[in-house]
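**Q** Give me coordinates for this.
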Amino acid sequence: LVGSEMCIRDSYEDSLNMALTDTLTGLYNRRYLDAHLEKIIANIDRTGKPIGILMMDIDHFKHVNDTYGHQAGDEVLVEFADRVATRLRSFDLVARQGGEEFVAVLPDITPEIAMQVSERLRHSIAKDPFEVSSPEGPIKCSVSIGGAIIDSAETSVENALKMADECLYEAKEGGRNRTVFKGYGVVMPDMYLSATMQ
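**A** Numbering: from 1, shown residues only. From the prediction side, this is the model:
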C-alpha cells in the first residue's frame, strides 16, 4: 500500500510539474508565468524595488525549422533556454511563452542593470553558434529583446507583458538582433558590453 501511495504521489507531482513547465525546454510555461508574475508585481509595494521584464524572440526561427528541420529547431530552443537560464540569477524567472518566444522576469533590478543583462544575453546568443545534430552543423541565431521596467504594483500582468511585447515588436521591425526598452528606445551595445566581451 505504501508503495502504491508513493506511486500516486509521484505521478501527481509529475503531472503538476508538467502543468507548470514546458516539456521541451524544462522552463516554466505561460500558465506559471502569469500566476507568479502577478505575485512579483504585487511585491513591488513591499520591496519598493522595480522589476524588469524581458520578452525574447529568436530571429528567423521559421527559417531554422524550414531549412534544418524541426529536430534542429527543437535543439536550438533547448540550448537557447539553457543559455538564458544559466546567465540569469537563481531567483529570476524564465518561461517559454510559446513557439520561439521566451520571457524573463528580473525582480529587484535597476533599469541600467536590466539593460546590461539583456544586452549581454543578446550578445551571447549571437556570438556562439548553436550545436545541432543536423548535417549542416552549428546554426547561427540571434535574438530580439523587448524590455520594460515595472515600478508600480498597480500594473496588471497583461499590461506589463504588453509593454515588453511592444518593445520586442519595435526591435524586430528595426532590424532584429537588438534590444529595445520601454521609455529608453534601442539599447546601444557599447554602453553595456564590457571590453572583455567584445
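
**Q** which residues in the chain form helices?
**A** Per DSSP state H, the chain carries helices over the ranges 2-20, 30-42, 44-47, 61-68, 70-86, 111-127, 157-173, 189-192.

**Q** Can I get those in CSV including distance to Asp92, mean neighbour count and mean pLDDT?
**A** Any C-beta I mention is one placed from the backbone N, CA and C, and that applies to glycine too. Below are those laid out as CSV (distance: least, Cβ to Cβ, whole Å; neighbours: other Cβ atoms under 10 Å; pLDDT from 0 to 100):
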stretch, distance to Asp92, mean neighbour count, mean pLDDT
helix 2-20, 17, 10, 62
helix 30-42, 10, 16, 94
helix 44-47, 15, 12, 92
helix 61-68, 23, 16, 95
helix 70-86, 9, 17, 96
helix 111-127, 9, 19, 95
helix 157-173, 14, 19, 97
helix 189-192, 17, 13, 74
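
**Q** looking at these, which is closest to Lys182?
**A** helix 157-173 (4.9 Å; Cβ to Cβ).

**Q** Ala104: which of the helices of the chain is closest?
**A** Nearest of these (Cβ to Cβ): helix 70-86, 6.5 Å.

**Q** gap between that closest one and the chain center?
**A** On the basis of Cα atoms, centre = their mean, to the nearest Å, helix 70-86 sits 11 Å off its chain's mean C-alpha point.

**Q** Next: stretch 102-122.
**A** 10 Å.

**Q** May I have the distance across that stretch, first residue to last?
**A** Stretch 102-122 has an end-to-end distance of 13 Å (criterion: Cα to Cα, to the nearest Å).

**Q** Likewise for stretch 92-102?
**A** Span of stretch 92-102 from end to end, Cα to Cα: 13 Å.

**Q** Need the contact partners of that stretch.
**A** Applying Cβ atoms under 8 Å, 6 or more residues apart in numbering, the contact partners of stretch 92-102 are 22, 24-25, 27-30, 32-33, 36-37, 40, 55-58, 61, 77, 80-81, 84-85, 88, 103-107.

**Q** In stretch 81-100, which residues are buried?
**A** Within stretch 81-100, the residues that count as buried by 16 or more other Cβ atoms under 10 Å are Ala81, Arg83, Val84, Ala85, Leu88, Asp92, Leu93, Val94, Ala95, Arg96, Gln97, Glu100.

**Q** gap between the two ends of it?
**A** Terminal residues of stretch 81-100 are spaced 10 Å apart (Cα to Cα).

**Q** ok, now stretch 179-190?
**A** End-to-end distance for stretch 179-190, by Cα to Cα: 12 Å.

**Q** what does stretch 120-134 contact?
**A** Here stretch 120-134 makes contact (Cβ under 8 Å, 6+ apart) with 54, 56, 58, 68-69, 71-72, 75-76, 79-80, 83-84, 87-88, 104, 138-143, 145, 177-179, 189, 192-193, 197.

**Q** And stretch 57-64, by the same measure?
**A** 72-73, 76-77, 80, 99-102, 125, 139, 141-145, 168, 172, 176-177.
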